[in-house]
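# coords please:
(2 chains, ligands or ions: 5)
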Amino acid sequence: MSLPLDTDEIQRLQALKGKARMQIPRQVMPEQKPEDRRVNFREVPFGLDPMSAVVEANRCLQCKKPTCIDGCPVGINIPGFIEHVAAGDFEGAIRTIKETNMLPAICGRVCPQEQQCEKECVLAKKGDPVSIGRLERFAADWERTFGTVEIPPVEAPTGKHVGVVGSGPAGLTAAIDLRRAGHSVTIYEALHAPGGVLMYGIPEFRLPKAIVNAEVEIMQQMGIQIEYNYVIGQIETLDELLERHDAVFLGTGAGLPWFMDLPGENLCGVYSANEYLTRVNLMRAYDFPNCDTPIAISERIAVVGGGNVAMDVARTAIRLGAKEVYLIYRRTEVEMPARVEEVHHAKEEGVIFKMLHNPVRYIGDEHGRVRYVECIRMELGEPDASGRRRPVVVDGSEFMIDVDTVVVAIGNGPNPLVPRTTPGLEVDTKHGTVKTNMNTMRTSKVGVFAGGDIAVGAATVILAMGHGRQAARSINQYLSTGVWEIEALE
Amino acid sequence: MNEILRNVVLSESVNQYLVRAPRIAQRRKAGQFVIIRIDERGERIPLTIADADPAQGTITLVVQSVGKSTCQMSELNAGDTLLDVVGPLGAVTPIHQYGTVAVIGGGIGIAPAHPITQALKEAGNTVISILGARNKSLIIMEEEMRRASHEVLICTDDGSYGQKGLVTDALKGLIAAGREINHVYAVGPVIMMKFVSKLTKEHNVPTTVSLNPVMVDGTGMCGGCRVSVGGKTLFACVDGPDFDGHLVDFDELMKRQAFYKEQERRAHEHYKQCHLQEQIKIATNA
Ligand SMILES: Cc1cc2nc3c(=O)[nH]c(=O)nc-3n(C[C@H](O)[C@H](O)[C@H](O)COP(=O)(O)OP(=O)(O)OC[C@H]3O[C@@H](n4cnc5c(N)ncnc54)[C@H](O)[C@@H]3O)c2cc1C
Ligand SMILES: Cc1cc2nc3c(=O)[nH]c(=O)nc-3n(C[C@H](O)[C@H](O)[C@H](O)COP(=O)(O)OP(=O)(O)OC[C@H]3O[C@@H](n4cnc5c(N)ncnc54)[C@H](O)[C@@H]3O)c2cc1C
Ligand code: SF4
Ligand code: SF4
Ligand code: FES
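Ligands and ions are numbered 1, 2, ... in the order given. Next up is the predicted model:
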């Protein structure tokens, strides 16, 4: 058990009326000081302590019509779990969460809560919303540390075998639900480790890898098989998988890095975000030479992009010892797609924001290593299709930034390997996504379901999990009825 | 899985490994490779599948010890295992009936040239193999190459075996002698592939080269393996490793290959230090 809670205080809080509740300030989550965390890869926030979690939970008004739930892509019973936390019943809280979300320790950390559940919280209209994500994270961490993590029960064997391609959040979630329904489930993963972006992309300081490993451990105890180093489209085609399985879920993600096709983009020291982060996270280049994978030693590094991925790269570069880290983004901070919290963290850690800038070419030295980024200034023009004001070039404003490393973090497209090797699997030619019906998660190929980034393009962890869950439901139905209707695909 | 069944020293710095990998052995085709990781701290290194025996469930890797990982690998014994072996990766080398094909293998490149030579011969081509290396001891797999080809020419830089000179000299000789060559396939050091391609371009002989940029995942996810071919950026691990030699920017590839040199040297030093301490410990305990 964790430290005993102050039960008198809990009683006092529980007795509060609405008005008084709304006086409780949003609880702060303590975190490592910027000067400390700049030099280590440990997680930045420490998480709420039990009593702060209780206090924070008591800010929730237990609305009759909880709008927060509408903001959660998987529809967690938010007031339900928060009510348990508010009463100091953490066991009850985690049980409620896990009715809908099997991986709360992950979502509580990486969900863009401020654009989802917390945005829809009634308190957000007048002030600070309830820290739903932090409470979710708290409950999950509490369970992992002090509680007994239950192995989800598995139904009697159905005799059906489902293959899951990819072990990202979409694949993991689909696998758990399918296994719970009693099917035998095998995950095929191209890399030597599970988790997809959770493992190779999102850095340790935002999502400790031990958390992902702990979840996968539980999945294995449920009887889910995982085949690593298994690249579908190479060692076996999707069609061959279908011969061995009753259905297949495709969760191969958006792992294809985009470049800008600029002169000098293949100079040494110019990386994709995927490569930079994979070397550090999956391959542990930060521990070189104790681990064998090297990474550029950088003094001055430019990161191109304005999303979460760009923030992750910039903050990783700081921790690897770069003296100056520039973030080059063609619009302004307001349009930046990255989470507010990440932008804030990046600034605190010393990342230099170069807004309204765009690279036009890279210039190298005699060894072919990048030495300069030539940038051009931008200004905001008329709004474009996305509603954001379109950045336009300021003619003649080119100038050089002195760098030794560049990381291109402008996004990723869906992984083409499976579509390329699977005749009959329809793909959206513009976006490269596998055409999928968003209700049934069915693709154009009988027996094949898809979800996560491969179906919609680079999105979020929780959306991928939602798809995985929905696909599992749909697969269950297909396996019990055997009916495959052709439906509209998106 | 991934058990090393045999580790044979082929020359002073080249070892041949027989590895248990039944699924890969079934599946692989000429031109494909695996990526291996020796242990938990290991890096992912690509190695061409030099041969495979589907019945025995084994693949053959021929590896030159050039740095930390390959040296560490050379010290493994039969019975040891590789932590990870993923493959087959890369596109299959397209094998056509060209007529007469010259397969050029430089140094360790002879190993990856072997399955291609086999496949070309099987497809009905007349295959002339040109094997080159610095000296006699570095000419590997000669027997296998003789079996897979109709004709074998050997050249060494120092003249210790075969004719003295470079593989390009041997190829020039063939052309000068009026031998009709319909296609050239070259695998070896980048500098060799560059000069072979230059020569064949002058003589208008279509040429395929097998590129070996630094890789990480080998599935098209990182872009670390990108190469410029005909002004376009391609990913060698999924679009290759074979490309049209007349279109490849070899200079860029050489620079990219050398990028981690200093760190690789450090890693190797570090490894040798640790290794030495280990040996001393064993010796003093004994
Ligand atoms: C650096 C970074 C930071 C991010 N930060 C956030 C964040 O803070 N919050 C958030 O909500 N989202 C974030 N995202 C987005 C989020 O991670 C993705 O939307 C999510 O991971 C998609 O899940 P997925 O399961 O569809 O695919 P992925 O996570 O991409 O997993 C796909 C898996 O399939 C495997 N695979 C691919 N091809 C094959 C094949 N042929 N055979 C076998 N296996 C294959 C891959 O190796 C991988 O393991 C971030 C993304 C990145 C890159
Ligand atoms: C498709 C492909 C097939 C290959 N086939 C063979 C083969 O059959 N036999 C063989 O001996 N070698 C082969 N190589 C080269 C082999 O991968 C490298 O020699 C090995 O990675 C060196 O690792 P190291 O730690 O021993 O040496 P290091 O000291 O780390 O590196 C020495 C040199 O090897 C290259 N290298 C280093 N790391 C990598 C990496 N991750 N990926 C690719 N190259 C790297 C670099 O050019 C480097 O300068 C192949 C490479 C590729 C890309
Ligand atoms: S899963 Fe994400 S969106 Fe849903 S409640 Fe948790 S933090 Fe909010
Ligand atoms: S909307 Fe906010 S206050 Fe209302 S139930 Fe949800 S979290 Fe609680
Ligand atoms: S090795 Fe990563 S894309 Fe080719």
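# Sketch out the low-pLDDT regions of the chain for me.
Here I'm looking at chain A. Chain A contains residues with pLDDT under 70 at A:1-3, A:486-488.
# was after chain B, sorry
B:285-286.
# Could you find the residue in it that comes nearest to ligand 4?
residue B:221 (37.8 Å; Cβ to the nearest ligand atom). Heads up, the C-betas are built off the backbone N, CA and C, glycines and all.
# In stretch A:280-297, which residues are buried?
Neighbour counts over stretch A:280-297 (16 or more other Cβ atoms under 10 Å in any protein chain shown) mark A:280-286, A:288-289, A:291-296 as buried.
# what bridges to the residue in the stretch 1-150 of chain B positioned nearest to ligand 5?
Nearest residue of the stretch 1-150 of chain B to ligand 5, counting by Cβ to the nearest ligand atom: residue B:46, 7.8 Å away. Residue B:46 forms beta bridges with residue B:35, as assigned by DSSP bridges.
# List the residues that contact it.
Contacts for residue B:46 (Cβ atoms under 8 Å, 6 or more residues apart in numbering or on different chains) come out as B:33, B:34, B:35, B:89, B:212, B:215, B:218, B:237.
# Can you tell me the SS state at residue A:264?
coil (DSSP: H, G, I helix; E, B strand; the rest coil).
# what are the phi and psi angles of the residue lying closest to it once chain neighbours are set aside?
Closest residue to residue A:264 apart from its sequence neighbours, by Cβ to Cβ, 6 or more residues apart in numbering or on different chains: residue A:362 at 3.2 Å. The phi/psi pair for residue A:362 (degrees, to the nearest 10) reads phi -120, psi 140.
# what's the distance between the residue in chain B that ligand 2 sits nearest to and residue B:170?
Distances between chain B and ligand 2 by Cβ to the nearest ligand atom are smallest at residue B:67, namely 1.9 Å. The spacing between residue B:67 and residue B:170, counted by Cβ to Cβ, to the nearest Å, is 29 Å.
# who's more crowded, the two?
Per other Cβ atoms under 10 Å in any protein chain shown, whichever of residue B:67 and residue B:170 has more neighbours is residue B:170, with 21 against 18.
# Ramachandran angles for that one?
phi -60, psi -40.
# Please tell me how far it sits from residue B:11.
20 Å.
# Residue A:455 now?
51 Å.
# One more: residue A:316?
In terms of Cβ to Cβ, residue A:316 sits 42 Å off from residue B:11.
# Looking at these two, which one has more neighbours?
For residue A:316 versus residue B:11, neighbours defined as other Cβ under 10 Å are more numerous around residue A:316 (28 against 17).
# Quick one: name the residues of the stretch 251-400 of chain A near ligand 1.
Within the stretch 251-400 of chain A, the positions near ligand 1 by Cβ under 6 Å from any ligand atom are A:251, A:252, A:253, A:255, A:277, A:308, A:309, A:312.
# what's the closest of those residues to ligand 1?
residue A:253 (2.2 Å).
# looking at this, residue B:153 is in a strand?
Yes - under three-state DSSP, residue B:153 falls within a strand.
# tell me the contacts of the spatially closest residue to residue A:98 that is not a sequence neighbour?
Spatially, and ignoring its direct neighbours in sequence, residue A:98 is nearest to residue A:104 (6.9 Å; Cβ to Cβ, 6+ apart). Contact analysis of residue A:104 by Cβ under 8 Å, 6+ apart lists A:94, A:97, A:98, A:136, A:137, A:139, A:140.
# Ligand 5 versus the first one, what's the distance?
Spatial separation of residue A:94 from ligand 5 under the definition Cβ to the nearest ligand atom, to the nearest Å is 38 Å.
# do the fourth one as well
For residue A:136, the distance to ligand 5 (Cβ to the nearest ligand atom) stands at 34 Å.
# That residue: neighbour count?
29.
# Now for it, which secondary structure element holds it?
Secondary structure from DSSP states H and E places residue A:136 in helix A:132-145.
# And the helices in the stretch 1-150 of chain B?
B:22-27, B:68-74, B:110-122, B:142-148 (DSSP state H, counting those that start in this stretch).
# most tightly surrounded among these?
Comparing the helices of the stretch 1-150 of chain B on average neighbours per residue, with mean count of other Cβ atoms under 10 Å in any protein chain shown, the densest one is helix B:110-122 at a mean of 24.
# Just the CA atoms of that one, as CSV, please.
Output of helix B:110-122 as CSV, limited to C-alpha atoms (Å, rounded to 0.1, in the frame of the first residue of the first chain):
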residue,chain,number,x,y,z
ILE,B,110,32.4,-11.5,-53.6
ALA,B,111,30.1,-12.9,-51.0
PRO,B,112,27.0,-10.9,-52.0
ALA,B,113,28.0,-11.5,-55.7
HIS,B,114,27.7,-15.2,-55.2
PRO,B,115,23.9,-15.7,-55.0
ILE,B,116,23.5,-13.3,-58.0
THR,B,117,26.0,-15.3,-60.0
GLN,B,118,24.2,-18.5,-59.2
ALA,B,119,20.8,-17.0,-60.2
LEU,B,120,22.2,-15.5,-63.5
LYS,B,121,23.7,-18.7,-64.5
GLU,B,122,20.5,-20.6,-63.7
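# would JSON lines of the contacts of residue B:46 with distance to ligand 1 and neighbour count be doable?
Formatted as JSON lines, the contacts of residue B:46 follow (distance: Cβ to the nearest ligand atom, whole Å; neighbours: other Cβ atoms under 10 Å in any protein chain shown):
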{"residue": "B:33", "distance to ligand 1": "16", "neighbour count": "25"}
{"residue": "B:34", "distance to ligand 1": "15", "neighbour count": "26"}
{"residue": "B:35", "distance to ligand 1": "13", "neighbour count": "24"}
{"residue": "B:89", "distance to ligand 1": "11", "neighbour count": "25"}
{"residue": "B:212", "distance to ligand 1": "22", "neighbour count": "25"}
{"residue": "B:215", "distance to ligand 1": "15", "neighbour count": "22"}
{"residue": "B:218", "distance to ligand 1": "11", "neighbour count": "27"}
{"residue": "B:237", "distance to ligand 1": "12", "neighbour count": "27"}
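# Take those residues and keep only those in strands.
B:33, B:34, B:35, B:89 (DSSP state E).
# and the last one, how far is that from residue A:379?
Between residue B:89 and residue A:379 the computed distance is 45 Å (Cβ to Cβ).
# Ok, residue A:97 next?
46 Å.
# restrict the ones in strands among the contacts of residue B:46 to those near ligand 3?
Okay, of the ones in strands among the contacts of residue B:46, nothing touches ligand 3 (Cβ under 6 Å from any ligand atom).
# Strands along the stretch 151-286 of chain B, start to end?
B:151-156, B:163-164, B:183-187, B:207-210, B:226-229, B:232-235, B:242-244 (DSSP state E, counting those that start in this stretch).
# Nearest to ligand 5: which residue in chain A?
Taking Cβ to the nearest ligand atom, chain A has residue A:275 as its residue nearest ligand 5, at 6.6 Å.
# In contact with that residue, which residues?
A:257, B:216, B:222, B:223, B:224.
# SS state for it?
Classified using three-state DSSP, residue A:275 is helix.
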